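In: here is a sequence with its predicted model. Questions after.
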Amino acid sequence: MKNLEIDEKIDELIAEKEIVIFQFGTETCAPCSAIKQKIDHWIENHKEIKSRYVSIEKFPEIAAEYGIFSAPTIVVFISGKLSIRESGYFSLDDIFKRIERYVEMI
């Protein structure tokens, strides 16, 4: 999962692909690091999906814009609409299953 770059705009990323996963996290968050690795591994078999890691510390204005108040938070846009949002304690496998159902419909 690539880190969001300063010159990238979330709206443009959402417009580029049918499905986009954003993980919001912090450098000191151990679960954030583990989730990032798990998404990296899963995304290898899902090239049609774009993903970005958004550091809440580096991009506090983006986190505020999307109402992110805790880490880790996963936000998934499908067809340009916010479709999945999970924060704190959640099952990443359940999120993957939900995304795969969307992929099958596309």
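Out: Noted; the coordinates are in hand.
In: what about S51, how many residues nearby?
Out: By other C-beta atoms under 10 Å, 21 other residues sit near S51. C-beta: built from backbone N, CA, C; applies to glycine.
In: same check on H46?
Out: Using other C-beta under 10 Å, H46 has 16 neighbouring residues.
In: residues near C29, how many?
Out: Other residues close to C29 by other C-beta under 10 Å number 16.
In: pLDDT at it, what is it?
Out: C29 carries a pLDDT value of 95.
In: which residues does it contact?
Out: 71-72 (C-beta atoms under 8 Å, 6 or more residues apart in numbering).
In: again, 10 Å this time
Out: C29 sits next to 35-36, 56, 70-72 when contact means C-beta atoms under 10 Å, 6 or more residues apart in numbering.
In: only whichever of the residues you listed are buried, select them in PyMOL.
Out: Applying 16 or more other C-beta atoms under 10 Å to the contacts of C29 leaves a buried subset, and the PyMOL line that selects it is:
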select buried, resi 35+36+56+71+72
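In: show me the contacts of C29 that map onto helices.
Out: Using DSSP state H, the subset of those located in helices is 35-36.
In: give the buried residues for stretch 97-106.
Out: For stretch 97-106, a neighbour-count test (16+ other C-beta under 10 Å) marks 99, 102 as buried.
In: next, the residue nearest the centre of the chain: phi, psi?
Out: Against the mean C-alpha coordinate of the chain, by C-alpha atoms, centre = their mean, the closest residue is F22 at 1.8 Å. F22 adopts backbone torsions of phi -120, psi 130, taken as degrees, to the nearest 10.
In: same check, this time on the one 5 residues further on
Out: Main-chain dihedrals, E27, degrees, to the nearest 10: phi -70, psi -30.
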